[in-house]
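S.K.: Okay, sequence plus prediction incoming.
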Amino acid sequence: MSTLVLVRHGKTEWSSQNRFAGWADAPLGESGVQEARGAGRALAAAGYRFDLAHTSYLSRAADSLKIVLEELGQADLPVERSWRLNERHYGALQGHNRARMALQYGNDRVAQWRRSFTAEPPALAEDDPRLPALDPLYAGVESAQLPRSESLQQAAARVAIWWHETLAPGLGGDRQILVVAHTSSIRGLVREIEDLSDDDSASFRIATALPLVYTLDDARKVVDRRELAAGWSNRVRKFINKHKPGTRISWV
């Protein structure tokens, strides 16, 4: 059976500023660096040795992965990056403070953009310098594929393509694969792995730098799912581990 570990990147400098990040390249903060180290140490203590790692084009995920691999003693592990693993694109909201956007657009509308599966934030203008199509990082991606804004549904759709074309075919046997990504891209992966509904996909949460570990059979069906909560109480671990695959655990 194969092992798939999903890890959300550590907290960024923008986290404390309550800013929408999306595809903006918000750097890891010091607390995020420590979180990533903790994730790496937890995985090392549990005895994981990975065959391959995947991450997004965004530095907060790539840097978190680098730290995790250093803690594992696997700094030279092959890493594949994909823009399809990026966070959802928050359009014109990117870079702005969430409270200020709530004042501008209204609390209910901003909450809908954040939590609804289908609601799409206002798109970037076609001449906006924040457009991914203007970023050299995405020079190898067809401009028509690069979003100006995304709903959770649209982000999940691009992640589904990556799951079916890249990740799923690489699972099998006793392979151990690590993915360090973002809230929305991890939601998209869990949606594919566990066949979640739209509502469960939108409400699924995973804490920063908390490894989510799947054991999958050769048909890529879930045999086991657990959070590797290093340093947490045994009581919390028991609560986590009693949940069967397909059960959503919300972290506040």
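M.R.: Nice, I can see it. Numbers count the residues shown, from 1 in each chain.
S.K.: Strands of the stretch 51-200 of the chain, start to end?
M.R.: Assigned by DSSP state E, counting those that start in this stretch, the strands in the stretch 51-200 of the chain fall at 52-55, 79-81, 176-181.
S.K.: strand partners of the last one, parallel vs antiparallel please.
M.R.: In other words, strand 176-181. Counting by DSSP bridges, the strands paired with strand 176-181 are strand 2-8 (parallel), strand 52-55 (parallel).
S.K.: I'd like those as CSV, with mean neighbour count, mean pLDDT and distance to I206 appended.
M.R.: (Each C-beta comes from the backbone N, C-alpha and C, glycine too.) Shown next, in CSV, are these (neighbours: other CB atoms under 10 Å; pLDDT from 0 to 100; distance: least, CB to CB, whole Å):
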stretch, mean neighbour count, mean pLDDT, distance to I206
strand 2-8, 23, 98, 5
strand 52-55, 22, 99, 15
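S.K.: now those in CSV, with distance to P129?
M.R.: CSV is the format used below for these (distance: least, CB to CB, whole Å):
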stretch, distance to P129
strand 2-8, 28
strand 52-55, 25
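S.K.: Can you name the residues that contact the closest residue to V179 other than its chain neighbours?
M.R.: Among residues not flanking V179 along the chain, H54 sits closest, at 4.7 Å (CB to CB, 6 or more residues apart in numbering). Contacts for H54 (CB atoms under 8 Å, 6 or more residues apart in numbering) come out as 79-82, 85, 166-167, 177-181.
S.K.: What distance do you get for H54 to V79?
M.R.: 7 Å (CB to CB, to the nearest Å).
S.K.: if I pick A39, what's in contact with it?
M.R.: Taking CB under 8 Å, 6+ apart as the test, what A39 contacts is 7, 10, 64, 68, 71, 209-211, 228, 230.
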